[in-house]
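**Student:** okay, predicted coordinates and the sequence, questions at the end:
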Amino acid sequence: MIESKRHRRMIANIATYIVLVSLSIFCIGPMIWMFLTSIKYEADIVTQTMQYMPSRITFDNYVAIWTQSGFPLLIGNSLVVTLLTVTICVVTGTLAAYAFSRFAFRGRDQLMLGYLVVRMFPAVMMIIPLYVVMRGVGLVDSRFGLALAYTSFLLPLFVWMLKGFFDSAPKELESAARIDGSTRLGAMIRIVVPLARNGLVASSVFIAIAAWNEFLFALMLTTGQGSRTWPVGLQLMVGEFQLPWGVLAAGGILSIVPVIVLFAIVQRTMVQGLTAGAVKG
Amino acid sequence: MTSSASRYLPFRALGELSETRYWMYLLLLPSLVLILLVIAYPTLYGMAISFREMRLTRPGLDGWVGFKHYAAMWSDPVFWIALKNTVVWVTAAVVLELALGLLTATALNRDLPGTKIFAVLILLPYFLPNVVAGHMWALLLDPRLGVINDILVRVGVLQTYKAWFADPNAALAATILVEAWHGFPFFALLLLAGLKSIPEDLYKAAAVDGAGVAAQLRLITLPMLKTVIAAAVILRVISLVNSPDLLLILTGGGPGDATQVLSLYAFQTAYKEFNFGYASALSVVMFVILMIFAVAYIRMSRITKE
Amino acid sequence: MATLSIKDVRKAYGSVQVLHGVDIELEDGGFLVLLGPSGCGKSTLLNMIAGLDDTSGGDILIGGRSVVDLAPKDRNIAMVFQSYALYPTMSVARNIGFGLERRGVDADKRKRAVEDAARLLQISHLLDRRPANLSGGQRQRVAMGRAIVRDPELFLFDEPLSNLDAKLRVEMRTEIKRLHERLGTSIVYVTHDQIEAMTLGTKVAVMKGGYIQQLADPRTIYERPANMFVASFIGSPAMNFLPGRLVRNADCVRFEASGVSMAMLASNPAEVSERPVVLGIRPEELKVAARDQASVTGMIDVVEPTGPETMVTVQVGERSVTARVPPRFAGQRNEAIFLTVDPVSINLFDPDTEQRIDI
């Protein structure tokens, strides 16, 4: 009896590892293949017999994407747009999340729900009027305009996520600080924000990644080199000059490196923030 | 009161303001203004556009046209194809993602030594940009150089390389696979959190009462996960219906209209033809359908909870 | 040190009224306990005194000065929280000194004040630690240190002992009482524990449903409860209630119920009207007696020796009463038992309004 139970557990453990390893290969495999492609010579990519491990390694593809296609400019634009988006969200969203977390006022729940319903608006439905409005005020093809457009869907997300982190900072600490001689503002800056620091960073990284990756708004709202972000640039390159696979793969790898690095740094807190709402609600 | 405090006079004034009852509104104000500006106004304007003629290519055409676009939609065969494809595509992707997500979460929840790293690896695709994910899979599925074709031929599943995105049925299936790859980590993440929130004692009690693994899954795990599943499905359906990115990159709606979905159709109508009126009408219809789905779904999962 | 006046203070969230016109006066150096079950409004009242919640009406004066328009930092109060609310990122010393630091007291003076407070609370050896490395009792002491170092006009305590285990709770209760007697500062103390209320308070406000049920010194609250809620909330085991009738013959008033018959003390027997009442008897006032002296007759149901005394549950008519009897009680289940009560110690209540009746 005990013998068979131990036996069963062992089989279950082996099955668990098999499942996890296969799923990881499913998830990571494509990225590894893209990386391998990016360091192959074009001749080794376009061959009759598939070459799995590259027989010779080259970084020409990286050099090519970086020097021949205005890629640095695209990356620079993306950086600016991402930083602007994060700045706008952090400044306005932190205040709002704090208010939602600390004050009970009439209509708070409705307002919070409203922030969520916003996510239901189809991107296209927002893009068209935003395009028309921004053309009217000269913000089409501007990095600031694009960042503003991004806040339309990232600010609500940011507020929701950060509110969860603020909620878990004990209210009594703030009360103690106020009695000890701080104003509400002082207590918020000295006590609450430092306590929610990890959450603030994780929420910011989350929207930074989303802004960095965004494609549809950027495609519609940027027309020239001045503000075009890398996803749009990469996509247009594929269409315009039949970008070789190796170069495209190199571009892909370059642009996801920051995402992976940022994710790796804050993944634990970010996971916590992403799941808190769903489990509670 | 003190020298250091009086040096930052504006900050101090703001501090005093924070003790008044206006403080809360001041905190909310910036984000509310921003949201009114970039969400509320554009949304209302977008709805208005759906009742107007607005084509950037033909500036002469302008003005109210009432329900013209909606009437046109009714007799537009592409709209109906896109609607059907949206339903098929979203349903298949969500079911696949839910199944994969549940499998992943269950495996991770066993907390075997060394499995933490898998959680991080499996979550990665969720944060990958659509553009990169799209081209990456286009490379993997390429009719001439695709490594997936090569593997499938080697193991004998396929006779020759297949042009996945040329065959209407295969194209839809392939895009569903890519979308599932991109989205299932999200399910895994939420479901894992849901599993972790189920008290261990419940399983112990059930085991003492003689419930087997299957009964535990049916009587404890699934009912306790119901809210998490409902939330995950809603969020995922919304984002799938709304974002045409991957399809735009992978197939552009083709071959023919085999992978044409509503969001993509609306975007192409706006982006390629600059027919903003019709595109807006399409997205309003999409929004209404989503709303009906969300309300019905929430209501249904509430009823079964009681 | 200061007096505290709470005048017709009200609180409403939207249309929900959580405090209905509360009036309390606390003398300089007094110890006011706000006692009641959860949701009675006691914490809300405390937060309003602190300025953490706004009042919806009425006035609060500390030392004769109205504070309702002042921010918490300007009220010259100190507060000890249920969760202690120690700043996790600061050392114990900085935690204690934070209030002085915010008020711009210079470092030397601050250091001395912190050390004095720490010595008083016997936590001098902990000053360099972080709150996370302290035990529950130590955190409690730090929280109190943070309050006393400021030398405020008024201390506020919000259920400060409820997170401690039973033994520590008794110890810290004594500590708080010693501190109060030593410092002489007025204190408002919120708790749901009636023992804390009885042992600490010079004045106890028993609250329920946003109303003050009774405001008096602990002895009066215990011996002469204003209504049946106060009577049952204070004391453990709780007061026994026996519904019955007041009966008058000649100039003698008696209480009659199934299994109970006893003479009442009335200041003016002739004016007492016959009516239904509820008789309230504390368990320790029921004494075992001979059959012919008995005023309460019943059947033993359960006998529970606790060591210093024994609790006996007795079936009297359709009611169950508890008697606190000497430890070597020899009765058995289902035996008849005869009890007497000193008529001075009883309470009478109106069965409809549940209010106290004095005859």
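**Tutor:** Yep, that arrived.
**Student:** who's in contact with residue A:69?
**Tutor:** Neighbouring residues of residue A:69 by Cβ atoms under 8 Å, 6 or more residues apart in numbering or on different chains: A:233, A:237, A:251. Yep, even glycine has a C-beta here, placed from its N, CA and C like the rest.
**Student:** flag the least confident of these.
**Tutor:** Checking pLDDT across the contacts of residue A:69, the minimum falls on residue A:237 at 86.
**Student:** now the buried members of the contacts of residue A:69.
**Tutor:** Using 16 or more other Cβ atoms under 10 Å in any protein chain shown as the burial test, those include A:233, A:237, A:251 as buried.
**Student:** the first one should be in a helix, yeah?
**Tutor:** Yes. Checked against DSSP: H, G, I helix; E, B strand; the rest coil, residue A:233 lies within a helix.
**Student:** check the gap between it and residue B:248 for me.
**Tutor:** With distances defined as Cβ to Cβ, to the nearest Å, the gap from residue A:233 to residue B:248 amounts to 15 Å.
**Student:** start and end of stretch C:333-347, how far apart?
**Tutor:** Looking at stretch C:333-347, the gap from its leading to its trailing residue is 28 Å under the measure Cα to Cα, to the nearest Å.
**Student:** what sits up against that stretch?
**Tutor:** The contact list for stretch C:333-347, computed with Cβ under 8 Å, 6+ apart, reads C:223-225, C:231, C:239, C:262-265, C:279-282, C:285-291, C:293-303, C:312, C:314, C:323, C:331, C:356.
**Student:** can I get the buried part of those residues as one ChimeraX selection?
**Tutor:** Those of the contacts of stretch C:333-347 that meet the burial criterion (16+ other Cβ under 10 Å) are gathered into one ChimeraX selection, given here:
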select /C:225,231,239,262,264,279,280,281,282,285,286,287,288,294,295,296,297,298,300,301,303,312,314,323,356
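**Student:** so of the contacts of stretch C:333-347, which ones are in strands?
**Tutor:** When strands are assigned by DSSP state E, the members of the contacts of stretch C:333-347 inside them are C:262-263, C:279-281, C:286-288, C:296-303, C:312, C:314, C:323, C:356.
**Student:** show me what contacts whatever residue of the stretch 201-350 of chain C ends up closest to chain A?
**Tutor:** Ranking the residues of the stretch 201-350 of chain C by distance to chain A (Cβ to the nearest Cβ) places residue C:210 first, at 17.4 Å. Shown here is residue C:210, whose contacts under the criterion Cβ under 8 Å, 6+ apart are C:11, C:17, C:18, C:19, C:20, C:40, C:41.
**Student:** kindly recompute the last result at 6 Å.
**Tutor:** C:18, C:19, C:20, C:41 (Cβ atoms under 6 Å, 6 or more residues apart in numbering or on different chains).
**Student:** most neighbours of all those residues, which one?
**Tutor:** Counting neighbours by other Cβ atoms under 10 Å in any protein chain shown, residue C:19 leads those with 26 neighbours.
**Student:** specify the local secondary structure of it.
**Tutor:** In three-state terms, and counting by three-state DSSP, residue C:19 is strand.
**Student:** hey, what's it bridged with?
**Tutor:** Applying DSSP bridges to residue C:19 gives these bridge partners: residue C:11.
**Student:** what does the pLDDT read for it?
**Tutor:** Among the per-residue scores, residue C:19 shows a pLDDT of 93.
**Student:** so residue C:247 sits in a strand?
**Tutor:** Yes. According to three-state DSSP, residue C:247 belongs to a strand.
**Student:** kindly report the domain assignment for chain A.
**Tutor:** What the record gives for chain A is the domain set A:2-38, A:69-280, from automatic domain parsing.
**Student:** and the strands in the stretch 101-250 of chain A, which stretches?
**Tutor:** Along the stretch 101-250 of chain A, no segments are classed as strands by DSSP state E, counting those that start in this stretch.
**Student:** pull up the residues of it that are close to chain C.
**Tutor:** Taking Cβ under 6 Å from any Cβ of the partner chain, the part of the stretch 101-250 of chain A that reaches chain C is made up of A:172, A:173, A:175, A:176, A:178, A:179, A:180, A:181, A:182.
**Student:** would you mind measuring from the third one to residue C:77?
**Tutor:** Meaning residue A:175. When Cβ to Cβ is the yardstick, residue A:175 and residue C:77 sit 11 Å from each other.
**Student:** look at the two and report which has more neighbours.
**Tutor:** residue C:77 (25 against 22).
**Student:** test my guess that the more buried one contacts residue C:154.
**Tutor:** Yes. Residue C:77 sits in contact with residue C:154 when judged by Cβ atoms under 6 Å, with a separation of 4.7 Å.
**Student:** need the three-state assignment for the residue of the stretch 1-150 of chain C found nearest chain B.
**Tutor:** Evaluated by Cβ to the nearest Cβ, the stretch 1-150 of chain C has residue C:104 as its residue closest to chain B, separated by 2.9 Å. Of the three states, residue C:104 takes coil according to three-state DSSP.
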